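Chemist: predicted model, plus sequence, below.
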Amino acid sequence: DLLEALQKGARGSAHRAQRQPGPTLESAPGEAVDATTLLEVIDWHVRRAPDRIAVIQTSESGEHPITCRELAQTAERVAAGLQHRGLETGQSVAIMLPTCPEYFSVYLGILLAGGIPVPIYPPAHLAQVEEHVRRHVGILCNARADLLVTIPEARAVAWLLRVHVPSLRAVVSVEDLLQSRKSLTRVPVVAQDVAFIQYTSVSTGDPKGVVL
C-alpha cells in the first residue's frame, strides 16, 4: 500500500511539473546569464547587488562574509600591485597560498591584470621542503611563471624556487601587492582567454598543465 501511494504521488508530481514548468536559466532573476567571463560575473553583481555575499570565511571566531564589492575592490588592488611589478598581459603568476579568503582576491586580481593564474600547493611540513621544491620547479618552469604570490612564512621556499626558475622575477606576498598605490589599468579579457592552468599528474609522472 505504501509503495502504491508513493508511485501515485510521484506520477502526480510529474504531471503537475509538466503543467507548470519552472523558470529557465535565461529567465531566472538575479543571475548574470549574459556574462562570458568570470570577471563579467563579478562586475555584474557589483553593479546590481554589491552587498551580495560572495565568500564566507569560517574561522574559530565564527563566519565572516565577504561581499561582492569587497572582493572586487581587493582584487583590483592586487591587480594594480601586479601591474606595478611589471606583469604583462599573458604572463603566468603562480599562487602558492593555503586555503584563505585572499586566495580569491589574488586569483581574480591576476585575471584583472591580464595574467594567467597557476595554482600550486604550499609545503605542508618543513620535512617536505626538498621534495616540494623539486616538484614545483618543473611546474613553474613549464608555466614560465613571471611572479609568485605566497605567504610570508613560505618566503624561504619561494626563494629556493626562484633560484631554479629563470623566468621568475619576483616573489611577493598578498600584503606586498595591497600596499601598491598604483591605479589599475583594465585590460581586455574575453571568454577564449586562459582562466588558469591546473597542473596534475599521477603519482609517478611529472605534472602536466591543463588549460582551462
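Modeler: Happy to help now that I have it.
Chemist: what's the burial count for Trp159?
Modeler: 12 (other CB atoms under 10 Å). All C-beta atoms are positioned from the backbone trio N, CA, C, and that covers glycine.
Chemist: mind listing residues that contact stretch 56-66?
Modeler: 53-55, 100-101, 104 (CB atoms under 8 Å, 6 or more residues apart in numbering).
Chemist: so how far is that stretch off the chain centroid?
Modeler: With CA atoms, centre = their mean, to the nearest Å as the basis, stretch 56-66 stands 19 Å off its chain's centre.
Chemist: show me the strands in this structure, by range?
Modeler: Assignment of strands within the chain using DSSP state E yields the ranges 53-59, 62-67, 92-96, 116-119, 145-150, 170-173, 197-200, 208-211.
Chemist: quick check: Asp176 touching Gly81?
Modeler: Yes - contact criterion CB atoms under 8 Å: Asp176 and Gly81 qualify, at 6.9 Å.
Chemist: more neighbours, these two?
Modeler: Ranked by neighbour count (other CB under 10 Å), Asp176 and Gly81 place Gly81 first, with 26 against 16.
Chemist: excluding chain neighbours, what is closest to the more buried one?
Modeler: Spatial nearest neighbour of Gly81, chain neighbours left out: Leu177 (3.1 Å); criterion: CB to CB, 6 or more residues apart in numbering.
Chemist: and the contacts of stretch 112-119?
Modeler: Stretch 112-119 is contacted by residues 39, 75-76, 78-80, 82-83, 87-95, 106-107, 110-111, 139-140, 143, 145-147, 184, 186-187, 189, 194-199, 209 when judged by CB under 8 Å, 6+ apart.
Chemist: out of the contacts of stretch 56-66, which are buried?
Modeler: For the contacts of stretch 56-66, a burial check counting by 16 or more other CB atoms under 10 Å picks out 54, 101, 104.
Chemist: pretty sure His136 contacts Leu160?
Modeler: No - between His136 and Leu160 there is no contact under CB under 8 Å: 9.6 Å.
Chemist: quick one, which of the two is more surrounded?
Modeler: Using other CB under 10 Å as the criterion, His136 and Leu160 rank with His136 on top: 26 against 18.
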